[in-house]
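# okay, structure incoming, though there's no sequence with it:
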């Protein structure tokens, strides 16, 4: 049997052909890369410059914010040092009071009363230290902020009350009727039958006097003031000063007014008409009226034959008294709590709103 011949396949591409193909592929690869590089380099340089300027503006804005933040931190540090100084003074005063308190232990009745007053003062000062410590902590927290918060132009307002004393003449009217002895009717009647010393220690009356003391510290230098107290009658706190304006620069008169109020015993009914009539009688008239009250009036004359008075009658007395106010003078009312006098907040708010003043419902721990 004949043997079959196997077909042979001849590969005709030579080594030189392979090298040529490879070299062509390399040239094509470099041509593609060169085209991409040329396209990248032909980008618009204006876009790059605009982006560069934008980055420069952001850097400048960041530096400006950093400077503002540093100034804010320095200001808060200064406030913190001032607050710390006040705390140190109060702590030193506390130590003096405690030392004085130890001398009066187990002594006569007069000394015991003095001890009670000192204890009350210590509690007040301790509360003030606590308040200042909280304030210092808040200021420290403010120092950690990168930006300062602006209260939209309300920086001139009193932070605690919203009360703003405008004008050159401020008239202060303080209710010193028997209702200022306590918040409840039962305790008012009970304290009314106590000694004058016990009446002067009434928490509500001490709070009213402290509020007047705080307010007098807010009177602007160069302005004038007058303080009247009223129950069944209205009279100036500083005797002999009726109908005249006193200069705020004379701090001794302000101190004397507060001292007289501390020694004044609340008593009798409330004749608000006599108090508000003072505002009309003062010449020149006041620019601002601050009224310390706790409820509606109970009389419209120095004496009254009434043994009781209804809620409607008290409303009528209030409206008659409000008509004594001169027009255009803002009335700012500091209203203290009184049991059962539900119409008082509404009517006093109406008086303050119509005159352009403000109504402040005083809390038990202020000032």
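Perfect, I can see it now. Computed from a predicted model, the values in this text were never measured in an experiment.

# what comes up buried for stretch 275-282?
Within stretch 275-282, the residues scored as buried using 16 or more other C-beta atoms under 10 Å are 275-279, 282. Every residue, glycine included, has its C-beta placed from N, CA and C.

# got TSV for those, with distance to residue 68 and pLDDT too?
Below are the buried residues of stretch 275-282 laid out as TSV (distance: C-beta to C-beta, whole Å; pLDDT from 0 to 100):
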residue	distance to residue 68	pLDDT
275	50	95
276	49	95
277	53	95
278	50	95
279	46	92
282	47	92
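
# off-centre distance for the helix or strand where residue 23 lies?
Assigning secondary structure by DSSP states H and E places residue 23 in helix 15-41. Relative to the chain's own centre, helix 15-41 is displaced by 79 Å; criterion: C-alpha atoms, centre = their mean, to the nearest Å.

# next SSE after that helix?
Tracing the chain C-terminally past helix 15-41 and defining elements by DSSP H and E, one meets helix 45-103 next.

# quick one: the strands in this protein, in order.
Remark: strands assigned in the chain by DSSP state E are 169-175, 224-230, 234-236, 246-247, 288-293, 331-335, 359-361.

# share the number of residues neighbouring residue 48, please.
Residue 48 has 10 neighbouring residues, counting by other C-beta atoms under 10 Å.

# same question, the one 5 residues further on
Counted by other C-beta under 10 Å, the residues lying close to residue 53 total 10.

# same check on residue 51?
By other C-beta under 10 Å, 10 other residues sit near residue 51.

# check residue 118 too.
15.

# that one: what's its closest spatial neighbour, skipping adjacent residues?
Counting by C-beta to C-beta, 6 or more residues apart in numbering, residue 118 lies nearest to residue 101, which is 4.9 Å off, once chain neighbours are set aside.

# do you know how far that neighbour is from residue 203?
Here the criterion is C-beta to C-beta, to the nearest Å. By it, residue 101 lies 20 Å from residue 203.

# neighbour-wise, which of these two wins?
With neighbours defined as other C-beta under 10 Å, residue 101 and residue 203 compare such that residue 101 has more, 16 against 12.

# the more buried one: what's it in contact with?
When the contact criterion is C-beta atoms under 8 Å, 6 or more residues apart in numbering, the partners of residue 101 are 115, 118-119, 122.
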